[in-house]
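[1] my questions concern the predicted model and sequence given below.
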Amino acid sequence: MAMTDTEFHRLADEMFSEIDNAVERAIDDQDADVDIDASGNVLQLSFEDGSQIVINKQEPLHEIWIATKFGGFHFNYSDGKWLDTRNSLEFMPFVIDSIKKQSGIVLDIQP
């Protein structure tokens with residue numbers, strides 16, 4: 001059964017909230033220098049070195065897209081998980097790894 005726009009936004013918003021909360025904890029616990037800008041369908045993380053990770057919702061495709069300094073990636077919801085459309089990596093471990101690679105910040109996100 002196809003996902004509705006409402007379901008898509010609920011699931012994507014849950015992921016955005018998890019990331020936002022984990023980054024806020026990292027800022028407090030690790031004195032991490034990260035600016036978080038959540039605006040509409042976009043969650044933007046800006047790091048001390050000037051680099052950014054941009055995560056946005058693509059409603060027409062029901063995908064979450066993430067842009068890092070290493071490239072752009074698209075995630076689709078399948079079988080209860082957000083998976084990369086190219087290599088089936090799970091979204092949250094990918095985001096955690098990307099933030100660590102790009103900024104050195106370790107996020108604590110519980111499954």
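    Great, that's in hand.
[2] would you list the phi and psi of F75?
    Backbone dihedrals for F75, given as degrees, to the nearest 10, come out at phi -120, psi 140.
[3] what sits against it?
    Taking Cβ atoms under 8 Å, 6 or more residues apart in numbering, we find F75 in contact with 63-66, 82-85, 91, 94. For the C-beta atoms, the positions are set from N, CA and C on the backbone; glycine is no exception.
[4] who wins for neighbours among those residues?
    Highest neighbour count within the contacts of F75: I64, with 25 neighbours (other Cβ atoms under 10 Å).
[5] need the contact list for it.
    Here I64 is in contact with 12, 15, 55-58, 74-75, 82, 91 (Cβ under 8 Å, 6+ apart).
[6] where's the dip in pLDDT among those?
    Least confident of the contacts of I64 in the model: M15, at 89.
[7] what comes up buried for the strand or helix carrying it?
    Using DSSP states H and E, M15 sits in helix 5-30. Within helix 5-30, the residues that count as buried by 16 or more other Cβ atoms under 10 Å are 8-9, 11-12, 15-16, 18-19, 22-23, 26.
[8] specify the next element, helix or strand, located C-terminal of it.
    Later in the chain than helix 5-30, the nearest helix or strand by DSSP H and E is strand 34-39.
[9] same for the helix holding M15, what does it pack against?
    Contact here means 3 or more Cβ pairs under 8 Å, 6 or more residues apart in numbering; DSSP states H and E; on that basis helix 5-30 packs against strand 34-39, strand 42-47, strand 52-58, helix 91-103.
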